[in-house]
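>>> Got a sequence here, can you build the structure:
(chains A and B)
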Amino acid sequence: MESGDAARPGSGRATGAPPPRLLLLPLLPLLLGRGLRVAAAASASSSGAAAEDSSAMEELATEKEAEESHRQDSVSLLTFILLLTLTILTIWLFKHRRVRFLHETGLAMIYGLIVGVILRYGTPATSGRDKSLSCTQEDRAFSTLLVNVSGKFFEYTLKGEISPGKINSVEQNDMLRKVTFDPEVFFNILLPPIIFHAGYSLKKRHFFRNLGSILAYAFLGTAVSCFIIGNLMYGVVKLMKIMGQLSDKFYYTDCLFFGAIISATDPVTVLAIFNELHADVDLYALLFGESVLNDAVAIVLSSSIVAYQPAGLNTHAFDAAAFFKSVGIFLGIFSGSFTMGAVTGVVTALVTKFTKLHCFPLLETALFFLMSWSTFLLAEACGFTGVVAVLFCGITQAHYTYNNLSVESRSRTKQLFEVLHFLAENFIFSYMGLALFTFQKHVFSPIFIIGAFVAIFLGRAAHIYPLSFFLNLGRRHKIGWNFQHMMMFSGLRGAMAFALAIRDTASYARQMMFTTTLLIVFFTVWIIGGGTTPMLSWLNIRVGVDPDQDPPPNNDSFQVLQGDGPDSARGNRTKQESAWIFRLWYSFDHNYLKPILTHSGPPLTTTLPAWCGLLARCLTSPQVYDNQEPLREEDSDFILTEGDLTLTYGDSTVTANGSSSSHTASTSLEGSRRTKSSSEEVLERDLGMGDQKMSSRGTRLVFPLEDNA
Amino acid sequence: TERQSRIMSEKDEYQFQHQGAVELLVFNFLLILTILTIWLFKNHRFRFLHETGGAMVYGLIMGLILRYATAPTDIESGTVYDCVKLTFSPSTLLVNITDQVYEYKYKREISQHNINPHQGNAILEKMTFDPEIFFNVLLPPIIFHAGYSLKKRHFFQNLGSILTYAFLGTAISCIVIGLIMYGFVKAMIHAGQLKNGDFHFTDCLFFGSLMSATDPVTVLAIFHELHVDLDLYTLLFGESVLNDAVAIVLTYSISIYSPKENPNAFDAAAFFQSVGNFLGIFAGSFAMGSAYAVITALLTKFTKLCEFPMLETGLFFLLSWSAFLSAEAAGLTGIVAVLFCGVTQAHYTYNNLSSDSKIRTKQLFEFMNFLAENVIFCYMGLALFTFQNHIFNAFFILGAFLAIFVARACNIYPLSFLLNLGRKQKIPWNFQHMMMFSGLRGAIAFALAIRNTESQPKQMMFTTTLLLVFFTVWVFGGGTTPMLTWLQIRVGVDLDENLKEDPSSQHQEANNLDKNTTKAESARLFRMWYGFDHKYLKPILTHSGPPLTTTLPEWCGPISRLLTSPQAYGEQLKDDDVECIVNQDELAIHYQEQASSPCSPPARLGLDQKASPQTPGKENIYEGDLGLGGYELKLEQTSGQSQLN
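Numbers count the residues shown, from 1 in each chain, chains lettered A, B, ... in the order given. This next block holds a predicted model:
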């Protein structure tokens, strides 16, 4: 594989590096393509050279330069795409052989690193033809600049601000600069599909069952982790200052900022392994829900820390007013983004409900996509955080709009976002690998890095264990010690931390943070990600549970309950845990929101009071009347949403029209099931463990094979 | 203060970004509106306005609003700075503004007369995309989708005619338009409407080549909906797809044409260099596109990637995209490469994909095509008002209208006459009229025109192109349905059922009839290609076809065993059936039959010829009548509804 790696970037650059001798068979066509391309490039450049010696030499020169830059853009993009292609092929190989110690994201980073090394040390440092121009007449920077150069006018667009010390490094290497993206690309193009997909694919049933715990981990936990990391890092910075290792300013707010960005966990590797091994669903839901909401909290937190600017002379002292303003900004942005996302989700649901757009799946998919994207843009335009809005939009769309879509559109939207998510995620990770070498303003500070490593582990520990303890006080279904250890262990950092860190790398402190973040991401994805499978078996966590399988879609409601024994029992317990506020929300959702926004649920005419009958009739879709017979309706709802909470509520509302007796009856039934199912569960767990050990042995068997290859 | 200024600049950046969000948001809303309107139209079966036409209407309205309802802001940004120190224009400019260094990126050169509009409205300026976006972002998915969804069977049946129309036809149309426009330009100079020396003959030819790219998306959509005669559909679609490729390369080679001394005189060397350029770029792009598709086919064949449809789809998408990028990086034309990549992918790779991936890739590219197309048409509507360097010249516009009709006529009628000499299955008069009528202009013409709007002639061309696109899409597109009835073209032919309903006996014969005529038409060159494709390429690149061990000579046994997939050995006969459904490529089937029973091909062929001529012919007439009846009924309904509205 190594020789192939060396060959591939060469093909990306098309500058004519000598082809390596040893090649594996699958890479042969790639190389052939490369040879052809080089030949074509040579012919094109020779024809271009012939055209050059004409009268309009200067014009051609600028035109040629523009063309050259376009060509370089193509090459740099091509580099990434070929990287991704290579990653896909290797991942297929890994998946095929069931190698689990390296996830696709980790692999993408490795390939990125290799290409980064080659670009850094393999390309000649071309002299950037930059001129520093001092103009004194303006007092601010315009977005476009018209420059008169000896009678000709040229238009320039603003790219960014450069700190004065870095002017020299800008001129260093043209190729390196080409592969360095504008950091806003991450926020505006790559992150939205990832986040939207996360929201859209939240396993709703388990997510809502553990909502309380997830919210606690995400909000309280992130805040705790942010403060602890910030304080620890402040100590480290103080230490560095004493040791004289700090060459520029590093304020407390910077430390807090670092705490905020590094609090965004992204256990994509762990989750992928969980998904593959079918690890315990509750643990999966807790981790996934936490990481998704975590990101949203971390983004808003970091932007409100940036906005913290005390009045008065000492800009880095504590100022209560500014502090509360920051808190206000946090709440405002968060709730604003939330509302924005939810509102567009609701609008999409209404549009898809009241038009017969589902006759044309293409139009429907396009509308869905555009509306979801509009959420992002709208939030950005209003000054909220687009990524957060997109997350909540995704959740709302999955909850309501998804039920209105035609069957084809459902699979289309799912697949579309899956592909986008996959590409974007691997792109980011391979860019991370690349950035370690191509980014030109790294500040490596060993003490800071070691401090950061210690801090994130302490922060994670201080986040998980105390919160789990408090949550266990309230939860009937405790979070076991092994789950807590696993959650502690899964504190991987990923795309979000990286994107937040790269967003602003102007000052010294920020550059140091960026470098450290990059290293933390590498370390956690490779080491912790690779250690997931051994960790799972060491912690005795149940694997082999299929979340989609356990409620078998039967027509008979009794059988549904039977098959659903352990789950509904747990659901029942969770219901008591989450107290009446969530129950209120569920019944409100089921009685009013679902009927208004989707074709399912009971008709509004029965749930709304009599005086708004006209409105209710207008909003209820005819389908609801059609499948009035309770069992069928319930069934379809069950299959559609897989939400057993709504199922039990559907039970109570539809069958008895508000009488609580049936509800208690069903609970007692579930109670009787529980004892029976628990023994089953033990058996299942044993089986699962056996399975898991076998598979981990399989992994170990494959280890040396892979090392040799 | 340092911090303060940093915050200030951060705020600036935010504003900058929000502006970008607002622009995109405008487009998003326009597209959403378009989708909803189109749904309404489709629901009520209105056919006079296609979605692209609707997108243009909304774009126009939004352009009007932006133009006349927004206040001009940011006047200062039009100020010109003189730099004595600079003698050339660097790609990056570092500007030191009160101790804060800003980096500026080279965008383009502006000629003097274009500076004033820059001082106008910042929002209008913002709403104008970089024209390269069309070529690098929006057009590739459209073109790839076109290549990927070429109905292969009918496409290959009519390959000869399509190639003739696309290559010869485009060249003819380019020259005719160029000549007519040159006449008009001369007349305009005579009438004093134009300065002498502004508008060269090469400019006219440039206009001719960009105007030759037809894009009958509206017509094709209606054809598809009404199930119009497949041969006509294929002719039009194939022509328009290849047309685009030819026009793009032609435009490029004309713009590169630069004679040594007098830029307006004819120079044989420069001319041949341009021709060489044309051929080189075309062949290079073709090779690049097919090379990537072949790589994809091999990868999907020899790995078991089909276990993971998502990975497969991702790989397919990425490799198709790299065809575009590497063509661009090599100085070739990415769009042409992408087109041929799409055709090749559909021919080979498609057969290797898992059924899930087949649907996924189809849907993915369909979706991207839909979005990109509507964005372009929306932008066209917008550009009529937001583009700030329009030059409306009534004379030129009139001339252009005349020229495209004459050129289209010169393209279709003589070529059809020549083709009919060789074709067994003639292209009838009504088809020719329909093809003449379907000379719509669309996205490619627009993208080519907007690519360079520096000089005054180019701006005039751009304005004219825009108006031509509007006119043809609205008027011709809207007039397709009446035109179809008027020309009495058969509708209601279902191509997919055609094959499925009776794959065994009767249809085979009908198909064989078609095939025979095609074969006679396309002579032995194409037959050789088919034989080669079926015997060697298909088995190498896909799982289907006869095993290579039987088709290759003895001495390359090991290679052939290595390259043949195990599936090919297994169920040879069953394979036939599968392929029939899978790729609907009956030419391949035919050859397969020949290969599997190699002892008696001549007898079979004779049988086909005897059996075929009468029965399907009658049926076709019957079917056509039925279809027309149904169609007229529908039409009545439509007109009734439109009267009601």
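>>> For residue B:304, give me the backbone phi and psi.
phi -100, psi 50 (degrees, to the nearest 10).
>>> The one 5 residues further on now?
Dihedral angles of residue B:309 (phi, psi; degrees, to the nearest 10) stand at phi -60, psi -30.
>>> out of everything not next to it in sequence, what's closest to it?
Closest residue to residue B:309 apart from its sequence neighbours, by CB to CB, 6 or more residues apart in numbering or on different chains: residue B:356 at 3.9 Å. C-beta here means a position set from N, CA and C on the backbone, and glycine is covered the same way.
>>> Could you report the neighbour count for that neighbour?
Counted with other CB atoms under 10 Å in any protein chain shown, residues neighbouring residue B:356 total 16.
>>> can you check residue A:476 too?
By other CB under 10 Å, neighbour count at residue A:476 equals 12.
>>> what about residue A:420, distance to residue A:404?
22 Å (CB to CB, to the nearest Å).
>>> Ok, residue B:31 next?
Distance of residue B:31 to residue A:404, computed by CB to CB: 20 Å.
>>> what does residue B:191 give?
61 Å.
>>> what does the average pLDDT come to for stretch A:328-338?
Per-region confidence: stretch A:328-338 scores 90 on mean pLDDT.
>>> Near chain B, which residues of the stretch 351-500 of chain A are found?
Within the stretch 351-500 of chain A, the positions near chain B by CB under 8 Å from any CB of the partner chain are A:351, A:355-357, A:359-360, A:362-363, A:365-367, A:369-371, A:373-374, A:376-378, A:380-381, A:383, A:386, A:412, A:415-416, A:418-419, A:422-423.
>>> re the thing from before, give me the more crowded residue out of residue A:420 and residue A:404.
Neighbour tally, residue A:420 and residue A:404, criterion other CB under 10 Å: the higher count belongs to residue A:404, 26 against 19.
>>> Now the residue of chain B found nearest chain A, what are its backbone angles?
The nearest approach of chain B to chain A comes at residue B:331, 3.2 Å away (CB to the nearest CB). Residue B:331 adopts backbone torsions of phi 80, psi 10, taken as degrees, to the nearest 10.
>>> give me the number of residues near it?
Residue B:331 has 24 neighbours, counted by other CB under 10 Å.
>>> if I look at it, how far off is residue A:269?
According to CB to CB, residue B:331 stands 41 Å off from residue A:269.
>>> ok, now residue A:295?
16 Å.
>>> The two: which is more packed in?
Each of residue A:295 and residue A:269 has its neighbours counted (other CB under 10 Å); residue A:295 has more, 29 against 25.
>>> part of a helix, is that one?
Yes: membership of residue A:295 in a helix is supported by DSSP: H, G, I helix; E, B strand; the rest coil.
>>> That one touches residue A:266, doesn't it?
Yes: counting by CB atoms under 8 Å, residue A:295 touches residue A:266, with 7.2 Å between them.
>>> which residues do these two both contact?
Shared contacts of residue A:295 and residue A:266, defined by CB atoms under 8 Å, 6 or more residues apart in numbering or on different chains, comprise residue A:496.
>>> so residue B:387 sits right up against residue B:128, yeah?
Yes: using CB under 8 Å, residue B:387 is in contact with residue B:128, at 6.4 Å.
>>> Please say which of these two ends up with more neighbours.
Using other CB under 10 Å as the criterion, residue B:387 and residue B:128 rank with residue B:387 on top: 21 against 15.
>>> Distance check, the more buried one against residue B:60.
On the measure of CB to CB, residue B:387 and residue B:60 end up 12 Å apart.
>>> quick one on the thing from earlier: tell me which helix or strand the residue nearest to residue B:309 sits in.
Per DSSP states H and E: residue B:356 is located in helix B:355-386.
>>> the helices in the stretch 151-300 of chain B, which residues?
Assigned helices in the stretch 151-300 of chain B, in chain order: B:152-157, B:159-163, B:170-191, B:201-211, B:217-226, B:230-256, B:268-302 (criterion: DSSP state H, counting those that start in this stretch).
>>> Which secondary structure elements does the first one sit against?
Using 3 or more CB pairs under 8 Å, 6 or more residues apart in numbering or on different chains; DSSP states H and E as the contact criterion, the secondary-structure elements in contact with helix B:152-157 are helix B:230-256, helix B:506-532, helix B:586-596.
>>> Could you give the average pLDDT over it?
74.
>>> now stretch B:240-253
Stretch B:240-253 comes out at a mean pLDDT of 87.
>>> Can you point out the helix or strand that includes the closest residue to chain B within the stretch 451-600 of chain A?
Chain B sits closest to residue A:506 of the stretch 451-600 of chain A, with a gap of 7.1 Å, by CB to the nearest CB. Following DSSP H and E, one finds residue A:506 outside all helices and strands.
>>> and the residue of chain B closest to chain A, what pLDDT?
At residue B:331, the pLDDT value in this model is 84.
>>> What of the one 3 residues further on?
What the model reports for residue B:334 is a pLDDT of 87.
>>> what's near enough to touch it?
Neighbouring residues of residue B:334 by CB under 8 Å, 6+ apart: A:74, B:135, B:136, B:140, B:285, B:323, B:324, B:325, B:327, B:328.
>>> what's the helix or strand for the first one?
For residue A:74, the host element (DSSP H and E) is helix A:57-97.
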